[in-house]
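Student: I would like the atomic coordinates for the input below:
(chains A and B)
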Amino acid sequence: QKEVEQNSGPLSVPEGAIASLNCTYSDRVSQSFFWYRQYSGKSPELIMSIYSNGDKEDGRFTAQLNKASQYVSLLIRDSQPSDSATYLCAVGSYNQGGKLIFGQGTELSVKP
Amino acid sequence: DAGVTQSPTHLIKTRGQQVTLRCSPKSGHDTVSWYQQALGQGPQFIFQYYEEEERQRGNFPDRFSGHQFPNYSSELNVNALLLGDSALYLCASSLVPSQALRYTFGSGTRLTVV
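Tutor: Take a look at the predicted model:
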């Protein structure tokens, strides 16, 4: 079992729709959870971080964390073609120092 | 405020050669981590440097080594290059421990081994 798992996609949604990206992780002591956006040929860009159970909203983005289910998700409302990218879920634990464990990424395509 | 700077941006090496990649962290950051991202995969942790020492290491062979300088910049060295070392190498900086693992990534070095 991979430590952090994501559906590789591609996930295709029409412009204006809600895109839902999911991630599961195996290490129960994980404490920090991140979503990065990576455009083709570019480096990852941090878009959301979440540390406690529940929802965290930032503009069109909402991160959801359920530690009991070891599940974290990212919702993108009013999806735009510019949101088309690969979204990486990353998980970290202070017990493991500064190491982040990434999923393989989900490719999102927003169609005009 | 300069972000994380990596050099070179691209390079091509031959199997068996050695390569050195460089990273300057974001201003105010003192910790540098290196990640390898193969095509179509998520980044994989190589190692982290703090106070000029390797603090943590991922599942990479000893061919991968690094260094951190007093100004917090860092180098990643890879010896005896293999075709499988072809990847995007990412440097990420942070301020430990207050930044709660919030890394800033550089633009990466694309290494191609032929």
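Student: For the closest residue to chain B within chain A, which residues are in contact?
Tutor: Residue nearest to chain B within chain A: A:F102 (3.3 Å; Cβ to the nearest Cβ). Just so you know, the C-beta spots here come from the backbone N, C-alpha and C atoms, and that holds for glycine as well. By Cβ atoms under 8 Å, 6 or more residues apart in numbering or on different chains, A:F102 lies in contact with A:V4, A:Y36, A:L88, A:C89, A:A90, B:Y35, B:G42, B:P43, B:Q44.
Student: List phi and psi for the nearest residue to it once chain neighbours are set aside.
Tutor: The shortest distance from A:F102 to any non-neighbouring residue, by Cβ to Cβ, 6 or more residues apart in numbering or on different chains, is to B:G42 (3.3 Å). Main-chain torsions, B:G42, degrees, to the nearest 10: phi -80, psi 160.
Student: so can I have JSON lines of the contacts of A:F102 showing distance to A:Q80 and neighbour count?
Tutor: As requested, those are exported to JSON lines (distance: Cβ to Cβ, whole Å; neighbours: other Cβ atoms under 10 Å in any protein chain shown):
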{"residue": "A:V4", "distance to A:Q80": "26", "neighbour count": "23"}
{"residue": "A:Y36", "distance to A:Q80": "18", "neighbour count": "25"}
{"residue": "A:L88", "distance to A:Q80": "19", "neighbour count": "28"}
{"residue": "A:C89", "distance to A:Q80": "21", "neighbour count": "27"}
{"residue": "A:A90", "distance to A:Q80": "23", "neighbour count": "25"}
{"residue": "B:Y35", "distance to A:Q80": "28", "neighbour count": "27"}
{"residue": "B:G42", "distance to A:Q80": "24", "neighbour count": "23"}
{"residue": "B:P43", "distance to A:Q80": "25", "neighbour count": "28"}
{"residue": "B:Q44", "distance to A:Q80": "30", "neighbour count": "18"}
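Student: From the residues you listed, which land in strands?
Tutor: A:V4, A:Y36, A:L88, A:C89, A:A90, B:Y35, B:Q44 (DSSP state E).
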